[in-house]
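[1] here is my input, please return the structure:
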Amino acid sequence: MYDLIIVGAGPSGLTAAMYALRANKKVLVLEAKAYGGQIVNASRIENYPGIKEISGFDYANNLYEQVRDLGCEFKYERVIEITPDLHVTTSKNTYCGKSVIIATGAEHKKLDIAREDDYIGRGISYCATCDGNFYKNKTVAVVGGGNTALIDAIYLSNIVAKLYLIHRRDTFRGEEKYVNELKKKENVEFVLNSVIDKINGEEFLTSIDIKDNDDKIRNVLIDGLFIAVGQKPQNEIFKNVVDLDENGYIISDDGVHTKTQHIYVAGDTRVKNLRQLTTAVSDGSQAATIAINEME
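    Residues are numbered from 1 along each chain as shown. Got it, this is the predicted structure:
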């Protein structure tokens, strides 16, 4: 019997573990892959308060060691079910806790083109607010048609010299007010009815090939590519104990509680307006503190 079982070893889950361990609780963290979450792929973090600059890997490793040294138990097993009576079943075992925090995060949707993974942190980013300042006065492209892509493009247009906004259709899913704002920007070029066909470069991205509806190829020199085609949480297996919105994110009226008593949510896996490192660790600390206070 554990006081707290945490599903997910990203920043949110690890922060929750740290707070629970410091309250002298017995904690188990279950992780399907490796600790750290998406932040591991960030080449540099420069927007975390109190830390001028750190790599994503170093940040995640520091946080993991901090939690491990407090006595946390880790098991690298994929969770396949959580029951209302707080039994957590993995591909190998079943564990029981007094409370459970779901902190499984969300994965960025990818373009699924050759070498995309090779350029992550080497010209490809999925977070404009995280990495935009690395491209000050440079040339970048944003790909996507929803609000995230449009807001990212607006944000980046105030930093970069030139921005290409690439969308596979001729109209955007995002709000018209964002589109109109971008149309007023002299350094923004719309590239519609087009997709990215190829990513070029040796160690770092240097250009992309864009293909239009007539299969014409255009090579564009860029320094950075921001992919904003959505995120996908992995929450279907939890739908018996939580409510999900139309995109699969966990619904929580207060950002912590779910519909099931003593099952909580934290981090990017829940419905929220901002998915950043700072909000992830904030979620983790709040979820753990509330879980401890409500523990029987």
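[2] for the stretch 1-150 of the chain, what spans make up the strands?
    For the stretch 1-150 of the chain, applying DSSP state E, counting those that start in this stretch gives strands covering 4-7, 27-30, 73-75, 79-82, 87-90, 94-96, 100-102, 106-108, 124-125, 139-143.
[3] do the stretch 151-296 of the chain as well
    With DSSP E, counting those that start in this stretch as the criterion, the stretch 151-296 of the chain has strands spanning 162-166, 188-191, 194-201, 205-212, 217-221, 224-227, 231-233, 263-265.
[4] now, of these, which is deepest in the fold?
    strand 263-265 (a mean of 27; mean count of other Cβ atoms under 10 Å). Glycine gets a C-beta too; all of them are placed from N, C-alpha and C.
[5] for the record, mean pLDDT for that one?
    On average, the pLDDT along strand 263-265 is 98.
[6] other SSEs contacting it?
    strand 100-102, helix 277-293 (3 or more Cβ pairs under 8 Å, 6 or more residues apart in numbering; DSSP states H and E).
[7] can you tell me what sits against the longest one?
    Contacts to helix 277-293, defined as Cβ atoms under 8 Å, 6 or more residues apart in numbering, come from residues 4, 10-20, 23, 25, 37, 39, 45, 47-49, 59, 99, 101, 103, 105, 130, 255-257, 262, 264-268, 270, 272.
[8] one more: the shortest one?
    Applying Cβ under 8 Å, 6+ apart, the external contacts of strand 100-102 come out as 4-8, 13, 16, 82, 86, 88, 235, 238, 242, 250, 258, 262-266, 269, 284, 287-288, 291.
[9] ok now that strand, how far from the chain's centre?
    18 Å (Cα atoms, centre = their mean, to the nearest Å).
[10] same deal with stretch 46-55?
    For stretch 46-55, the distance to the chain centre is 17 Å (Cα atoms, centre = their mean).
[11] likewise for stretch 261-280?
    That offset, for stretch 261-280, works out to 10 Å (Cα atoms, centre = their mean).
[12] so which bits of that stretch are buried?
    262-272, 275-277, 279-280 (16 or more other Cβ atoms under 10 Å).
[13] now do stretch 31-49
    Buried, per 16+ other Cβ under 10 Å, within stretch 31-49: 31-32, 35-42, 44-45, 47-48.
[14] could these go into CSV alongside pLDDT?
    Output for the buried residues of stretch 31-49, formatted as CSV (pLDDT from 0 to 100):
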residue, pLDDT
Glu31, 96
Ala32, 93
Tyr35, 94
Gly36, 93
Gly37, 90
Gln38, 83
Ile39, 86
Val40, 83
Asn41, 72
Ala42, 74
Arg44, 78
Ile45, 86
Asn47, 86
Tyr48, 92
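[15] could I get those residues in a markdown table, plus columns for distance to Met295?
    Below are the buried residues of stretch 31-49 laid out as a markdown table (distance: Cβ to Cβ, whole Å):
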| residue | distance to Met295 |
| --- | --- |
| Glu31 | 22 |
| Ala32 | 26 |
| Tyr35 | 24 |
| Gly36 | 27 |
| Gly37 | 25 |
| Gln38 | 30 |
| Ile39 | 29 |
| Val40 | 31 |
| Asn41 | 34 |
| Ala42 | 34 |
| Arg44 | 38 |
| Ile45 | 33 |
| Asn47 | 34 |
| Tyr48 | 30 |
